[in-house]
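Enquirer: quick one: sequence and predicted model below, then my questions.
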Amino acid sequence: MQKKSLLRSTGIVAASTLASRISGFIRDMLIANYFGASGSLDGFFVAFRIPNLFRRLVGEGALTISFIPVYTEYLINNSREEALDLARKTLSILLIVLTAIVALGVIFSGQIVQLFAVGFQDPSQLLLTIDLTRIMFPYLFLVGLVAFAMGYLNSHGYFFTPAFSPVLLNVGFILGAVLFRNFFSEPLYGLALGVIAGGLMQVLLQIPTMIRAGFRMKFSIDLQHPGIRKIFRLIAPATFGIAVYQVNILVNTILASLLPSGSISYLFYADRLTEIVLGVFIVSIGNVILPEMSRVSALDDIDRLKKIFRTSVNAALFLAIPASAALMVIGYPILSVLFMRGEFTPFHTEMTRSALFFSSAGISSIALLRITTPTYYSLKDTRTPVITSTIAFVINITLGYLLMKTRLLHAGLALANSIAVTVQVTILLFVLKKKIGTLHFREYIIPILKIIAASLAMSAALLYISCFADWTGGSFSRRLITLIVMLTAGGVTYFSICMILRVEELAFVVEKLKRRFGR
């Protein structure tokens with residue numbers, strides 16, 4: 001994939017994901033306004049996290065990782081009908097697996113919740129969490145279908161529909177918070193039903209594009225099919241690797257449940273802000289490059305794979321580094337404008353800011369991880385990511401347990417995660433160098449130094465302007481206007497310095513705009 005093509009495809013996904021993140025912020029603002037950061041909301045987040053864990057294990061995680069390289073290879077080396085047959089058989093097996101997991105999840109919700117929230121001592125909080133889990137577990141079935149559609153459509157060059165579908169989940173959340181909540185004595189039940197409504201809308205959105213991409217469903221199971229067997233060979237280590245990551249989240253949730261009430265919610269809100277950076281552009285790059293890397297890997301074109309990797313890393317860090325700096329420097333002002341109203345108090349804002357500061361420190365490492373890991377998957381190496389995930393898990397849990405006992409409390413869990421992911425991606429980069437030959441790390445250093453210099457100048461501008469508002473007691477309109485001015489000035493400063501320093505990624509965008517509007 002040429003650089004222009006990569007950025008164009010990434011731009012399509014990024015634009016869709018931006019819409020998702022904006023609707024997600026509206027969702028989170030409404031949740032914060034109506035529910036604050038209470039023990040009951042902690043229960044909701046635990047209940048929502050459970051089907052999401054299984055989603056990553058059997059859906060958009062292990063299945064996508066294993067399916068895309070094998071399916072792409074079939075598209076290149078076999079007939080289109082043979083590739084379609086493989087897709088049908090994969091979906092047929094997925095339907096059976098999802099149905100079984102959902103049934104077991106609903107039946108054993110009580111035991112699962114007690115595993116996730118051992119720190120919940122209030123019986124009413126525990127019962128509420130169990131009820132919410134039973135309501136939301138079928139979401140796994142729906143989002144599993146969406147994950148399969150994403151793998152199939154991305155392999156055929158369709159990126160918009162899968163990337164846009166999370167917007168509909170957020171629409172479901174918003175309906176639940178604003179409308180459905182009024183029909184229940186416990187408003188969180190309405191929020192849970194909103195999740196199911198969002199999942200249904202996500203599935204319906206995929207169907208027309210799947211048909212346009214040539215997919216026709218025919219239930220067929222053949223466990224001896226060579227393509228299915230190859231997927232299974234890849235899916236075992238991939239599932240284990242993702243399981244390590246998800247167990248990581250599980251243990252963090254357990255540890256947070258042992259801390260003062262609201263700790264799970266603080267970490268959730270902080271994650272939402274870091275995810276906007278990761279989701280809008282960096283995850284978008286990952287979604288685009290996995291099918292393309294799988295294609296060039298199948299053609300044994302390692303030089304082209306290296307070029308895709310370098311372009312992706314530079315593009316990701318171009319946004320990740322300044323975003324990390326901005327969230328660390330003006331986290332409180334951003335949280336003040338977005339969430340501090342209704343049930344979400346200045347105390348909740350400060351608690352969330354402390355988590356945001358340390359989780360933001362790991363954004364650049366996560367960005368590199370999201371680029372490096374698909375590179376291994378395209379090479380059909382799922383073993384190395386498993387090993388590094390296990391190392392990161394041990395580091396994260398050990399440091400998390402130690403740091404949460406300091407005055408950092410829940411913020412210690414965020415710091416531990418940032419340290420662990422940095423160690424993980426460092427190991428992956430050095431192993432990748434041995435696997436595909438030199439990556440010419442010197443070619444990365446100068447662009448990164450330029451980006452860091454521009455980010456430091458931006459941070460100084462943000463800090464200066466932030467002094468002109470009272471972020472705790474000032475009027476909302478003044479806080480909002482100051483934040484807009486602050487972000488605008490910060491962005492102008494960053495891009496101006498990048499232009500002066502001739503940062504390649506910015507130069508490419510400027511040149512493209514000149515060609516479009518300079519006529």
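Expert: Received it, and whenever you're ready, just let me know what you need. Numbers count the residues shown, from 1 in each chain.
Enquirer: the bottom helix or strand of the chain by mean pLDDT?
Expert: Ranking every helix and strand in the chain by mean pLDDT, DSSP states H and E puts helix 504-517 at the bottom, with a mean of 55.
Enquirer: follow the chain on from the strand or helix carrying Asn252 and name the next helix or strand.
Expert: Using DSSP states H and E, Asn252 sits in helix 226-257. Next along the chain after helix 226-257, taking DSSP H and E as the criterion, comes helix 263-277.
Enquirer: distance from that next one to the middle of the chain?
Expert: Remark: helix 263-277 is offset 11 Å from the chain centroid, using C-alpha atoms, centre = their mean, to the nearest Å.
Enquirer: other residues contacting it?
Expert: 21, 24-25, 28, 32, 36-38, 41-42, 45-46, 252-253, 256-257, 319-320, 323-324, 327, 331, 334-335, 339, 348, 351-352, 354-356, 359-360, 363, 366, 409-410, 413-414 (C-beta atoms under 8 Å, 6 or more residues apart in numbering). Glycine gets a C-beta too; all of them are placed from N, C-alpha and C.
Enquirer: that helix - what's its average pLDDT?
Expert: Mean per-residue pLDDT for helix 263-277: 82.
Enquirer: quick check: buried residues in it?
Expert: 263-270, 272-277 (16 or more other C-beta atoms under 10 Å).
Enquirer: does Leu140 touch Leu53 like I think?
Expert: No. At 9.1 Å, Leu140 does not count as touching Leu53 under the criterion of C-beta atoms under 8 Å.
Enquirer: looking at those two, which is more packed in?
Expert: Set Leu140 next to Leu53 and count neighbours by other C-beta atoms under 10 Å: Leu140 wins out with 23 against 20.
Enquirer: backbone torsions only: list them for the more buried one.
Expert: phi -60, psi -40 (degrees, to the nearest 10).
Enquirer: then Leu335?
Expert: Torsion angles, degrees, to the nearest 10, at Leu335: phi -60, psi -40.
Enquirer: same deal with Thr406?
Expert: Dihedral angles (degrees, to the nearest 10) for Thr406: phi -90, psi -180.
Enquirer: by contact count, what packs against the helix or strand in which Gln206 is found?
Expert: Assigned by DSSP H and E, Gln206 falls within helix 187-212. Packed against helix 187-212 by the contact rule (3 or more C-beta pairs under 8 Å, 6 or more residues apart in numbering; DSSP states H and E) you find helix 3-35, helix 39-58, helix 123-136, helix 139-155, helix 160-178.
Enquirer: what do you get if the cut-off is 6 Å, keeping everything else the same?
Expert: helix 123-136, helix 139-155, helix 160-178 (3 or more C-beta pairs under 6 Å, 6 or more residues apart in numbering; DSSP states H and E).
Enquirer: between that helix and helix 139-155, how big is the angle?
Expert: 30 degrees (axes from the mean of the first three to the mean of the last three C-alpha atoms, to 10 degrees).
Enquirer: for helix 187-212, buried residues please.
Expert: 187-199, 201-203, 205-206, 209-210.
Enquirer: ranking the helices and strands packed on helix 187-212 by burial, who's on top?
Expert: The highest mean neighbour count among the helices and strands packed on helix 187-212, using mean count of other C-beta atoms under 10 Å, belongs to helix 139-155: a mean of 24.
Enquirer: in the stretch 351-500 of the chain, what spans have low per-residue confidence?
Expert: 439 (pLDDT under 70).
Enquirer: all the helices of it, residue numbers only.
Expert: 363-378, 383-403, 410-436, 442-466, 476-500 (DSSP state H, counting those that start in this stretch).
Enquirer: how many other residues sit next to Phe25?
Expert: By other C-beta under 10 Å, the residues close to Phe25 number 16.
Enquirer: next one: it from Ile276, what distance?
Expert: 7 Å (C-beta to C-beta, to the nearest Å).
Enquirer: circling back to that earlier point, could the buried residues of helix 263-277 go into a markdown table alongside distance to Tyr158?
Expert: Below are these laid out as a markdown table (distance: C-beta to C-beta, whole Å):
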| residue | distance to Tyr158 |
| --- | --- |
| Ser263 | 40 |
| Ile264 | 36 |
| Ser265 | 36 |
| Tyr266 | 38 |
| Leu267 | 34 |
| Phe268 | 31 |
| Tyr269 | 33 |
| Ala270 | 33 |
| Arg272 | 27 |
| Leu273 | 29 |
| Thr274 | 28 |
| Glu275 | 23 |
| Ile276 | 24 |
| Val277 | 25 |
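Enquirer: contacting residues for Leu91?
Expert: Phe148 (C-beta atoms under 6 Å, 6 or more residues apart in numbering).
Enquirer: host element of it?
Expert: helix 80-107.
Enquirer: so how far is that helix from its chain's centroid?
Expert: For helix 80-107, the distance to the chain centre is 23 Å (C-alpha atoms, centre = their mean).
Enquirer: just the C-alphas of the following helix or strand past that helix, formatted as CSV.
Expert: Heading C-terminal from helix 80-107, the first helix or strand you meet, by DSSP H and E, is helix 109-116. Written as CSV, here are the backbone C-alpha positions of helix 109-116 (Å, rounded to 0.1, in the frame of the first residue of the first chain):
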residue,chain,number,x,y,z
SER,A,109,-23.8,-14.3,35.8
GLY,A,110,-23.7,-14.5,39.6
GLN,A,111,-20.5,-16.4,39.7
ILE,A,112,-18.9,-14.3,37.0
VAL,A,113,-19.7,-11.1,38.8
GLN,A,114,-18.3,-12.3,42.0
LEU,A,115,-15.1,-13.1,40.2
PHE,A,116,-14.9,-9.6,38.7
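Enquirer: and the angle from the helix holding Leu91 to helix 39-58?
Expert: For helix 80-107 against helix 39-58, the angle by the same axes, to 10 degrees is 150 degrees.
Enquirer: quick check: angle from helix 80-107 to helix 109-116?
Expert: Using the same axes, to 10 degrees: helix 80-107 against helix 109-116 is 90 degrees.
Enquirer: next, the buried residues of helix 80-107.
Expert: By 16+ other C-beta under 10 Å, the buried positions in helix 80-107 come out as 83-95, 98, 101-102, 105.
Enquirer: what's the answer for stretch 405-425, then?
Expert: Result for stretch 405-425 [16+ other C-beta under 10 Å]: buried residues 408-425.
Enquirer: contact partners of that stretch?
Expert: Under the criterion C-beta under 6 Å, 6+ apart, residues 252, 256, 259, 263, 266-267, 354-355, 358-359, 361-362, 365-366, 368-369, 388, 392, 395-396, 399-400, 403-404 lie in contact with stretch 405-425.
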